[in-house]
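Asker: What shape does this take:
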Amino acid sequence: MLATPEAPSTASTNMRSRFFVQLALLLCCLAIRSVAAAPIPLEDFFKDLSFDEIQISPDGTRVAALSKWKDHLNLFVVDIKTKTPRQLTANVNTDVHSVIWIGNNTLLFTTAEEGYATGRFCRIDVDGSHLTELSGGGRSTSFLGRIGDSTEEILVENNDRRSDEMDVYRLNLKKGTKRRVATNPGNVEGWLADNHGVVRLGYGVHGRERFLVYRERQEDDFKEIKRWDFTKGDVRPIAFHSDNRRVYARSSEGRDTEAIVLFDPAQGKVVEELFSDPVYDVEGVVRIGADRRVVGYRLERERLATIWADPQMKEYQSMLNGELKRTENLITSVSHDGKWMVILAYTDRDPGTYYLFNTEELTLEKLIARAPWIKPEQMSEQRCIQYTARDGLTIHGYLTIPANSDGKNLPLIVNPHGGPWVRDGWGYDPEKQFLASRGYAVLQMNFRGSTGYGLKHLQAGYGQWGLAMQDDITDGVKWCIEQGIADPKRIAIFGGSYGGYATMAGLAFTPDLYRCGVNYVGVTDIALLLKTVPKAWEIIRDQLEATTGNAKRDRDRLNATSPLLSAKNVRVPVFMAYGRLDERVDIRHATRLASILKGNGVPVELMIKDDEGHGYRRLKNRVEFYSKMEEFLAKNMQ
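Answerer: Numbers count the residues shown, from 1 in each chain. Here you go, the predicted structure:
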């Protein structure tokens, strides 16, 4: 249930302490450990961040933030001048997420409560009043956009009319009433409103094709303006240009890497390229101000990069980098007048610290560390690497080397990412730091099929589960051995979701390479995966089959590359962890494989949590999983 905190006592009402500093000190005190050379406590790596998602109000007078209260993330606001905190929510069964300012006095947020399949969309005023649930009851509502300067009405996407289609509504925040302003013509999965709040563009999926629908005015019908085969490129709308005609978009049409372009819906084509990179996809734009103007572009090269199109923002970034020389400094939130900026300064060894930058006085004030109990000097370096796969393809990746080691002849954990249509990046990662703190080097690679490296790199992974995608992982292991980094007799593989599939594929198809494996919610039978696609994924089933395989047409290949059907080749110990509530990876992926392995005499440990889904969310379960994993690796990597 939604909840607000009880009325504060007189003493707490009169308190004018520096909230951020006190919270940081408190958390540091709680994190104090003895100075003996004991391992860093496992819980320190996996407990939730103390403070996150700090966002400044449009007028720059307050910041909203999420912080833990009674083991759940709750919403706070803090006055910038007085540093006076106010706790707005007091939820004990759910976490608050996705905070959005509407004007200077109202906040929107979402929360996912146990027992509900969809998130709840809520509003609250900064004085703690008018806490209202704007959606629920099994239906989904998400924020789409503002309507000019209005603080009373917003645009939301909602599936009230049909559970499998999102329409657009004009929602009155005070009354809680809504009026439909755009009806889904079918298969539209995302909408775009112009700068006046008129919904004019929709992005849809139909089979292997994607399409755009468009209308000039509110009273017009939507008409399809473009359709294409998704395997040959994409055009993904981001926002309307200030001229209210053209649209900022990400596009790989007629090119390899995704660029930021201007797309003209009236002509149905790209009319101008704004920014591109020859190696990496550009991920999006940076927008600031009341007019949400575009001032820069973001992409993930070896590290996350911001390319400023606005000279003033470029100058501010240079100032910040000059002051904070040892960190990556990300501008995350800006007041409408540009006077105040929230900065997140982070590294591969540091989860990050929030700062407040005054652009008029050129002052920088530390707010709070996201995880003050983490000591960066105790953490390990994450190196950017690249190697050449057996067919000549360049594979980019990351290698975490244990602190205070010489980086040679180390026990190695190979850690392929999930997805698989995502990518790994540079930055603090609690999982990798935990493993490194126990003496293991950790190898990550963005094998073919990963996103972020252009269309050709993505296409090279189509239909390659267990084949070329797996070869890229194997080639990375061999590279580590050739470089003298890895002890060839002490190599394990661990991954989640697709990474769990790659773990079992590694043990089944290259059984002599690994000492053991940890499979976390991984696919073991590709045919079963395709048979049990969640209802929400039905709209992209054809695209899933185009990239993975068709159960009938590609049956022989899918069977040959399913670890379940090659389980006889697995000869080393396996630890597996799954959630019984997982809608993506059916529990039979675990139970069937475990039964076969046990029958073959392979040591198997299977953890199943009845209260978890696709990945463990509860701290106690995460701690138990990593604790058992630590014991498993220690026992089998000697």
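
Asker: What mean pLDDT does the strand or helix carrying Met576 get?
Answerer: Using DSSP states H and E, Met576 sits in strand 574-579. The average pLDDT within strand 574-579 is 98.

Asker: give me every residue that touches Phe299.
Answerer: Rather than Phe, residue 299 is Leu. 277, 280-283, 305, 307 (C-beta atoms under 8 Å, 6 or more residues apart in numbering). C-beta here means a position set from N, CA and C on the backbone, and glycine is covered the same way.

Asker: and after the host helix or strand of it, which helix or strand comes next?
Answerer: For Leu299, the host element (DSSP H and E) is strand 293-300. Heading C-terminal from strand 293-300, the first helix or strand you meet, by DSSP H and E, is strand 304-308.

Asker: From the chain's centre, how far out is stretch 424-431? Work that out for me.
Answerer: Relative to the chain's own centre, stretch 424-431 is displaced by 11 Å; criterion: C-alpha atoms, centre = their mean, to the nearest Å.

Asker: now what about it, what contacts it?
Answerer: 45-46, 300, 302-304, 328, 346-352, 374, 379, 382, 384, 397-398, 400, 415, 417, 444-446, 450, 626.

Asker: Which of the residues you listed fall within helices?
Answerer: Among those, the members falling in helices (DSSP state H) are 45-46, 626.

Asker: from those, which is closest to Met319?
Answerer: Nearest to Met319 out of these is Phe45 (C-beta to C-beta; 33.3 Å).

Asker: I'd like to know the average pLDDT value across stretch 200-210.
Answerer: Rounded mean pLDDT across stretch 200-210 is 95.

Asker: that older thread, tabulate the ones in helices among the contacts of stretch 424-431 (a markdown table), appending pLDDT and distance to Arg179.
Answerer: Converted to a markdown table, those look like this (pLDDT from 0 to 100; distance: C-beta to C-beta, whole Å):
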| residue | pLDDT | distance to Arg179 |
| --- | --- | --- |
| Phe45 | 97 | 48 |
| Phe46 | 95 | 45 |
| Tyr626 | 98 | 49 |
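
Asker: Mind checking which of those are buried?
Answerer: For the ones in helices among the contacts of stretch 424-431, a neighbour count by 16 or more other C-beta atoms under 10 Å gives the buried set as 45-46, 626.

Asker: from those, which single one is nearest Leu75?
Answerer: Phe46 (23.1 Å).

Asker: okay, now the residue nearest to the closest one when sequence neighbours are not counted: neighbour count?
Answerer: Nearest residue to Phe46 in three dimensions, chain neighbours excluded: Arg622, at 4.9 Å (C-beta to C-beta, 6 or more residues apart in numbering). Counted by other C-beta atoms under 10 Å, the residues lying close to Arg622 total 21.

Asker: just Lys456 next, same as before
Answerer: 12.

Asker: ok, and it, which helix or strand is that part of?
Answerer: Short version: Lys456 belongs to helix 455-459, going by DSSP H and E.

Asker: Just the buried positions in that helix, please.
Answerer: Under 16+ other C-beta under 10 Å, the buried positions of helix 455-459 are 455, 457-459.

Asker: And stretch 357-367, by the same measure?
Answerer: Buried residues in stretch 357-367 (16+ other C-beta under 10 Å): 357, 359, 364, 367.

Asker: and what of stretch 482-491?
Answerer: Those buried within stretch 482-491 under the rule 16+ other C-beta under 10 Å are 485-487, 490-491.

Asker: coming back round to it: quick one: which of the buried residues of stretch 357-367 is nearest Met166?
Answerer: Looking across the buried residues of stretch 357-367 and measuring by C-beta to C-beta, the closest to Met166 is Leu367, at 36.0 Å.

Asker: Please report how far the residue nearest the centre of the chain lies from Val279.
Answerer: Nearest residue to the geometric centre of the chain (C-alpha atoms, centre = their mean): Val422, 9.3 Å. Val422 sits 17 Å away from Val279, going by C-beta to C-beta, to the nearest Å.

Asker: For Arg292, which residues are in contact?
Answerer: With C-beta under 8 Å, 6+ apart, Arg292 has these contacts: 195, 239.

Asker: Let's have the ones in helices among the contacts of stretch 424-431 in a markdown table, adding distance to Ala259.
Answerer: What follows is the ones in helices among the contacts of stretch 424-431, written out as a markdown table (distance: C-beta to C-beta, whole Å):
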| residue | distance to Ala259 |
| --- | --- |
| Phe45 | 38 |
| Phe46 | 38 |
| Tyr626 | 40 |
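
Asker: circling back to that earlier point, want to throw the buried residues of stretch 482-491 into a markdown table with distance to Lys609?
Answerer: Output for the buried residues of stretch 482-491, formatted as a markdown table (distance: C-beta to C-beta, whole Å):
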| residue | distance to Lys609 |
| --- | --- |
| Ile485 | 34 |
| Ala486 | 32 |
| Asp487 | 33 |
| Arg490 | 29 |
| Ile491 | 28 |
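
Asker: biggest separation within those, which pair?
Answerer: Longest span within the buried residues of stretch 482-491, C-beta to C-beta: Ile485 and Arg490, 11.6 Å.

Asker: Which neighbours do those two have in common?
Answerer: 410, 412.

Asker: Spell out which residues make up each domain of this structure.
Answerer: Following automatic domain parsing, one gets these domains for the chain: 1-125+310-379, 380-636.

Asker: deepest of these, which one?
Answerer: Highest mean neighbour count of these: domain 380-636, a mean of 20 (counted as mean count of other C-beta atoms under 10 Å).

Asker: That one spans what distance, first to last residue?
Answerer: 23 Å (C-alpha to C-alpha, to the nearest Å).

Asker: same question, stretch 216-236
Answerer: Termini of stretch 216-236 sit 19 Å apart (C-alpha to C-alpha).

Asker: Now that stretch: buried residues?
Answerer: 222, 225-226, 230, 233-236.

Asker: now, which of the residues you listed sits nearest Glu272?
Answerer: Among the buried residues of stretch 216-236, and counting by C-beta to C-beta, the member closest to Glu272 is Val235, at 13.4 Å.

Asker: quick one: the closest one from Pro534, how far?
Answerer: From Val235 to Pro534 the distance is 26 Å (C-beta to C-beta).

Asker: Can you lay out the contacts of Leu299 as JSON lines showing distance to Ile124 and secondary structure?
Answerer: Output for those, formatted as JSON lines (distance: C-beta to C-beta, whole Å; DSSP: H, G, I helix; E, B strand; the rest coil):
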{"residue": "Asp277", "distance to Ile124": "41", "secondary structure": "coil"}
{"residue": "Tyr280", "distance to Ile124": "39", "secondary structure": "coil"}
{"residue": "Asp281", "distance to Ile124": "37", "secondary structure": "coil"}
{"residue": "Val282", "distance to Ile124": "35", "secondary structure": "strand"}
{"residue": "Glu283", "distance to Ile124": "31", "secondary structure": "strand"}
{"residue": "Ala305", "distance to Ile124": "35", "secondary structure": "strand"}
{"residue": "Ile307", "distance to Ile124": "36", "secondary structure": "strand"}
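
Asker: wait, which of these is closest to Lys314?
Answerer: Ile307 (8.9 Å).

Asker: who's that closest one bridged to?
Answerer: Beta-bridge partners for Ile307, by DSSP bridges, are Tyr297.

Asker: dump the residue contacts of it.
Answerer: So Ile307 contacts 275, 296-299 (C-beta under 8 Å, 6+ apart).

Asker: how does it look with 7 Å?
Answerer: 275, 296-297 (C-beta atoms under 7 Å, 6 or more residues apart in numbering).

Asker: Quick check: the gap between it and Arg298.
Answerer: Taken as C-beta to C-beta, the span from Ile307 to Arg298 is 8 Å.

Asker: Which elements pack onto the helix or strand hosting Leu75?
Answerer: Per DSSP H and E, Leu75 falls inside strand 72-79. Contacts defined by 3 or more C-beta pairs under 7 Å, 6 or more residues apart in numbering; DSSP states H and E place strand 72-79 against strand 62-69, strand 85-87, strand 94-102.

Asker: Apply 10 Å and report the result again.
Answerer: With contacts defined as 3 or more C-beta pairs under 10 Å, 6 or more residues apart in numbering; DSSP states H and E, strand 72-79 has these neighbours: helix 19-30, strand 51-56, strand 62-69, strand 85-87, strand 94-102, strand 106-113, strand 120-125.
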